[in-house]
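Novice: only geometry, no sequence info:
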Ligand SMILES: CC(C)(C)c1cc(CCc2ccccn2)cc(-c2ccc(S(=O)(=O)CCO)cc2)c1
């Protein structure tokens with residue numbers, strides 16, 4: 001099979017991002033500050049600047065009942081659902097289909113804060129990983145989004161500011177089989193979600209404004225997205 005020029009990069013970045021996502025917030029050194037809590041959801045960030053730009057890495061952990069890791073990753077990866085849950089989108093298109101599990105997206109986001117409109121080009125890869133700790137344990141599903149260049153979308157159009165991101169959504173399904181040997185229902189499953197992201201918002205915006213936007217937008221995003229997956233899945237057969 002002819003290798004796409006991105007195949008090696010995708011494989012390397014996915015492995016690296018999954019390893020990082022698996023580290024608890026305790027393990028990967030100090031510096032993670034809890035900044036939002038809502039029920040099972042905990043959101044942490046580290047204060048980090050690159051060339052004076054706020055690029056605070058974010059790590060969110062959440063446990064959601066009634067859905068599987070495959071379902072969470074399916075709705076996060078698949079383009080046909082994106083306008084349903086990504087409310088900041090003005091326009092989105094699949095620039096290239098590298099394979100059935102690797103797509104290149106262009107996204108133009110709505111103008112949110114006083115600064116200019118932002119856009120992003122990234123490859124997105126969905127994968128399920130056998131659970132190497134526990135052979136017959138549930139598979140882990142992941143989606144990794146990584147900014148990339150594409151000749152059709154040069155980053156210097158002038159009208160919009162290009163953002164750069166690395167995002168990893170890592171999901172583990174937890175099954176509590178019913179005692180009486182009945183078939184597994186949605187009441188017997190839950191999903192442990194880890195969402196890691198580093199976004200360089202590009203252009204310039206005051207650190208205080210960016211941090212306020214991160215603090216406001218990320219908790220909203222994760223709650224809205226997981227509520228969307230629950231609502232989409234509840235009357236459908238379980239995707240393990
Ligand atoms: C808030 C900040 C981190 C700076 C930010 C600002 C904007 C630009 C639009 C926007 C959104 C919200 C608030 C302000 N501007 C977009 C994003 C962003 C885009 C994509 C992804 S994704 O995980 O790949 C899911 C697919 O869309 C995550 C985050 C982040």
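Specialist: Yep, it's here. Please read all numbers here as calculations on a predicted model, not as lab measurements.
Novice: and the residue lying farthest from the centre of the chain, helix, strand or coil?
Specialist: The C-alpha centroid of the chain is most remote from residue 180, which lies 36.5 Å away (CA atoms, centre = their mean). With DSSP: H, G, I helix; E, B strand; the rest coil as the basis, residue 180 sits in coil.
Novice: Which parts of stretch 2-15 count as buried, going by neighbours?
Specialist: Within stretch 2-15, the residues scored as buried using 16 or more other CB atoms under 10 Å are 6, 10, 13, 14. The C-beta positions use only the backbone N, C-alpha and C, and glycine is treated the same way.
Novice: nearest spatial neighbour of the second one, skipping sequence neighbours?
Specialist: If the residues on either side of it in the chain are set aside, residue 10 comes closest to residue 125, at 5.1 Å by CB to CB, 6 or more residues apart in numbering.
Novice: With the third one instead?
Specialist: Nearest-residue entry for residue 13: residue 146, 5.2 Å, with adjacent residues in sequence omitted and distances by CB to CB, 6+ apart.
Novice: Over to the one you found. Which of the three states is it?
Specialist: Per three-state DSSP, the local secondary structure of residue 146 is strand.
Novice: now the one 3 residues further on
Specialist: The three-state label for residue 149, taken from three-state DSSP, comes out as coil.
Novice: what's near enough to touch the residue nearest the centre of the chain?
Specialist: With distances taken as CA atoms, centre = their mean, the residue of the chain nearest its centroid is residue 169 (4.0 Å). Each residue near residue 169 by CB atoms under 8 Å, 6 or more residues apart in numbering is listed here: 72, 73, 76, 142, 143, 144, 193, 194, 195.
Novice: tell me which residues in the one helix or strand it maps to are buried?
Specialist: Take DSSP states H and E as the rule and residue 169 turns out to sit in strand 164-175. Neighbour-count burial for strand 164-175 flags 164, 165, 166, 167, 168, 169, 170, 171, 172, 173 (criterion: 16+ other CB under 10 Å).
Novice: so residue 231 sits in a helix?
Specialist: Yes. Residue 231: assigned to a helix according to three-state DSSP.
Novice: Number of residues surrounding it?
Specialist: Residues near residue 231, counting by other CB atoms under 10 Å, number 12.
Novice: likewise residue 96?
Specialist: 16.
Novice: Quick check: phi and psi on the nearest residue to residue 176 once chain neighbours are set aside?
Specialist: Leaving out its chain neighbours, the residue that sits closest to residue 176 by CB to CB, 6+ apart is residue 188, at 5.1 Å. Main-chain dihedrals, residue 188, degrees, to the nearest 10: phi -100, psi 0.
Novice: give me the low-pLDDT residue ranges for the protein?
Specialist: By pLDDT under 70, the low-scoring segments of the chain are 1, 27-30, 113, 131-138.
Novice: Run through the helices of it in chain order.
Specialist: For the chain, applying DSSP state H gives helices covering 7-22, 69-77, 82-85, 207-233.
Novice: Can you say which of these is nearest to residue 201?
Specialist: The closest of the helices of the chain to residue 201 is helix 207-233. By CB to CB, the value is 6.0 Å.
Novice: now stretch 176-187: how far from the chain's centre is it?
Specialist: Chain-centre distance of stretch 176-187: 29 Å, with CA atoms, centre = their mean, to the nearest Å.
Novice: just to revisit the earlier point, for the residue nearest to the centre of the chain, list each beta-bridge partner.
Specialist: Per DSSP bridges, the residues bridged to residue 169 are residue 143, residue 195.
Novice: if we can go back for a sec, which residues does the residue nearest to residue 13 contact?
Specialist: 9, 10, 13, 122, 123, 165, 166, 167.
Novice: Closest one to the ligand out of the residues you listed, please.
Specialist: residue 167 (3.9 Å; CB to the nearest ligand atom).
Novice: Look up how far the ligand lies from the nearest residue in space to residue 214 that is not next to it in sequence.
Specialist: Sequence neighbours aside, residue 56 is the residue nearest to residue 214 in space, at 6.1 Å (criterion: CB to CB, 6+ apart). Distance of residue 56 to the ligand, computed by CB to the nearest ligand atom, to the nearest Å: 9 Å.
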